[in-house]
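[1] got a sequence here, can you model it:
(chains A and B)
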Amino acid sequence: MIDPSVLAENPERVKQHLRKRHAAQDTFALVDRAVELASTRRAAIAERDRLRAQRNTLSKDIGDAMKAGNAAAADAMKTAVGEGKVRIDALETELTSVEAALAEIALGLPNLVHDDVPDGKHESDNPVVRTWGTPRRMSGDSHVEIGARLGGLDLERAAKLSGARFAVLLGDVARLERALINWFLDVHTNENGYTEVLVPYVVQRHCAVGTGQLPKFEKDMFRLAEPLNGADAFLVPTAEVPVTNLHREEILDEASLPIRYAAFTPCFRSEAGSAGRDVRGIIRQHQFHKVELVWTTTPERANEDHLALRRHAETLLERLDLPYRTVLHCGGELSFGATRCFDLEVWLPSQGGYREISSVSWFGDFQARRMSLRYRAGEGARKGKVAFAHTLNGSGLAVGRTLVAILENHVRDDGSVSIPAPLQPYMGGRDHIAARLT
RNA sequence: GGAGAGAUGGCCGAGUGGUCGAAGGCGGUAGACUCGAAAUCUACUGUACGUCAUGCGUACCCAGGGUUCGAAUCCCUGUCUCUCCGCCA
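    The predicted structure is shown next:
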């Protein structure tokens, strides 16, 4: 959520950011509507509070009059309070609907855009900010064929269980997936200072509102048919949702920041808008695994923290010897809640191009406002003041896509696949997975 | 699934209709004392919204309703936590 006072007092600035995002036309009208609603809201609050102050004074006087035995005076004042109450009730009814309408708009507006974000509308407008490694294979079999030859990937049987966009992994390929999870977590906790956290995979609606998936993108998530503990609930689309919400509605000490979590979770996505894209293989699945890195930090630190987080993800690809590039999202590509975002794209020979394997986002205080995640400044001019924290997250990494990249980049001529050195300890010390003889 | 107890400020804990944003203690901050520290003493120590802003007003004692001139306090509903029994991984 963007700052409501900026929305109310500086709508032109908000629209400028919307233009940079190439937002839909009707979004601009919503900004104007919000300005009207905010003004109505302020007027209603002012009148209601004035009447309540009057009531509170009178109530005291009534008590005094009754103690003094002056029933007639008390009754007269009771009548006056009663009249005020009718108006107060009307104003509160009005406020409830005005604030609901305002919240609906505010929760549906995307974040403001960081100055670093370049103009542009499409993926092709994202500038490349880093390239690492040289692709050895420029084309060839996809992970589907390679995985099948290893006896480790069975999409047909997965379809018997769950339909399209699911996979069954077997043998050493399944173990390689598990090795990646363990290695990612070990690197982040042992070398990068993250705290490992294991969280629920089902969350109630308010959490997904907090991180920004809701209310706008409900179609992308799996919603449970039955209420969970009395509330609407969803399978997590990413660990970002439960982990960022861990400290919702808290006021953290600045000394405890940044808080950095590394979380492994399965991720569930309905991908409703993706019909026809990546139908083959395991690039786009309804269920996949991801290790996610989530930071809660201060506005002062956030810029450098965002770059540090990006390096934590990039380094993994380098150690796995997987060529990749890093792009900076242009305005039109920037996701709803992000103020600045880097995508890491790994080289996939079968596609002859780079594919997203990690998205490293800085949200400013956008998510923090939605979940009331705040901190108290410890030092400096603002000492003792409470402010919204900044949140960041990035994949470190998407496990399934890393597996695909390893299969496709490290396959050998005989159909076997080399295991990158860091993963070998997790694979019984072996340096390759052999192809089956058939 | 059955039975019971509870939810108050950073923490502990008092408060059963008005003088309660809330006693007291702990913790924290500042000052005094001290060469310094400890101990001691003094003061301060919530969040949000509104505003004709070094001030004033309003709301918040789990949440939502209700009773009342007036609710932390009374009533209803819900949520969560704890204890015991049952079941289960």
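[2] can I get the CA coordinates of stretch A:321-339 in PDB?
    Taking Å, rounded to 0.1, in the frame of the first residue of the first chain, the C-alpha atoms of stretch A:321-339 are listed here in PDB:
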ATOM      1  CA  ASP A 321      28.700 -23.300 -12.900                       C
ATOM      2  CA  LEU A 322      25.400 -22.200 -14.600                       C
ATOM      3  CA  PRO A 323      25.700 -19.300 -17.000                       C
ATOM      4  CA  TYR A 324      23.200 -16.500 -16.200                       C
ATOM      5  CA  ARG A 325      22.500 -12.900 -16.600                       C
ATOM      6  CA  THR A 326      20.900 -10.400 -14.300                       C
ATOM      7  CA  VAL A 327      18.300  -7.900 -15.600                       C
ATOM      8  CA  LEU A 328      16.700  -4.800 -14.000                       C
ATOM      9  CA  HIS A 329      13.000  -4.700 -14.500                       C
ATOM     10  CA  CYS A 330      11.700  -1.700 -16.500                       C
ATOM     11  CA  GLY A 331       8.600   0.100 -15.300                       C
ATOM     12  CA  GLY A 332       6.200  -1.900 -17.400                       C
ATOM     13  CA  GLU A 333       7.600  -5.200 -16.100                       C
ATOM     14  CA  LEU A 334       7.800  -4.400 -12.400                       C
ATOM     15  CA  SER A 335       5.500  -6.500 -10.300                       C
ATOM     16  CA  PHE A 336       2.700  -5.000  -8.300                       C
ATOM     17  CA  GLY A 337       4.400  -4.500  -5.000                       C
ATOM     18  CA  ALA A 338       8.000  -4.000  -6.000                       C
ATOM     19  CA  THR A 339       9.700  -0.600  -6.200                       C
END
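[3] run the chain-centre distance for that stretch.
    For stretch A:321-339, the separation from the chain centroid amounts to 14 Å (computed by C-alpha atoms, centre = their mean, to the nearest Å).
[4] in it, which residues are buried?
    Neighbour-count burial for stretch A:321-339, counted by 16 or more other C-beta atoms under 10 Å, picks out A:322-334, A:337-339. The way it works is simple: take the backbone N, C-alpha and C, and place the C-beta from them, glycine included.
[5] and the stretch 51-200 of chain A, which residues reach RNA strand B?
    For the stretch 51-200 of chain A, the residues in contact with RNA strand B (C-beta under 7 Å from any atom of the strand) are A:52-53, A:55-60, A:62-63, A:66, A:78, A:81-82, A:85.
[6] mind running it again at 6 Å?
    Contact residues (C-beta under 6 Å from any atom of the strand) of the stretch 51-200 of chain A with RNA strand B: A:52, A:53, A:55, A:56, A:59, A:62, A:63, A:66, A:78, A:81, A:82, A:85.
[7] I'd guessed the fifth one sits against residue A:81; true?
    Yes - when contacts are counted by C-beta atoms under 8 Å, residue A:59 is listed as touching residue A:81 (6.8 Å).
[8] quick one: which of the two has more around it?
    The neighbour count for residue A:59 versus residue A:81, taken as other C-beta atoms under 10 Å, is higher for residue A:81 (18 against 13).
[9] name the next helix or strand downstream of the helix or strand where the more buried one lies, please.
    Assigned by DSSP states H and E, residue A:81 belongs to helix A:71-108. Remark: after helix A:71-108, the chain's next helix or strand is strand A:128-132, criterion DSSP H and E.
[10] just how off-centre is that next one within its chain?
    That offset, for strand A:128-132, works out to 24 Å (C-alpha atoms, centre = their mean).
[11] find residues that contact each of residue A:59 and residue A:81.
    Counting by C-beta atoms under 8 Å, 6 or more residues apart in numbering, residue A:59 and residue A:81 have no common neighbour.
[12] in PDB, list the C-alpha atoms belonging to stretch A:42-53.
    The C-alpha coordinates for stretch A:42-53 follow below in PDB (Å, rounded to 0.1, in the frame of the first residue of the first chain):
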ATOM      1  CA  ARG A  42     -11.700  13.600   7.000                       C
ATOM      2  CA  ALA A  43     -14.800  15.700   7.200                       C
ATOM      3  CA  ALA A  44     -16.800  12.800   8.800                       C
ATOM      4  CA  ILE A  45     -14.100  12.100  11.300                       C
ATOM      5  CA  ALA A  46     -13.800  15.700  12.300                       C
ATOM      6  CA  GLU A  47     -17.500  16.000  12.900                       C
ATOM      7  CA  ARG A  48     -17.800  12.700  14.700                       C
ATOM      8  CA  ASP A  49     -15.000  13.400  17.000                       C
ATOM      9  CA  ARG A  50     -16.400  16.900  17.800                       C
ATOM     10  CA  LEU A  51     -19.700  15.300  18.800                       C
ATOM     11  CA  ARG A  52     -18.000  12.600  20.800                       C
ATOM     12  CA  ALA A  53     -16.000  15.200  22.700                       C
END
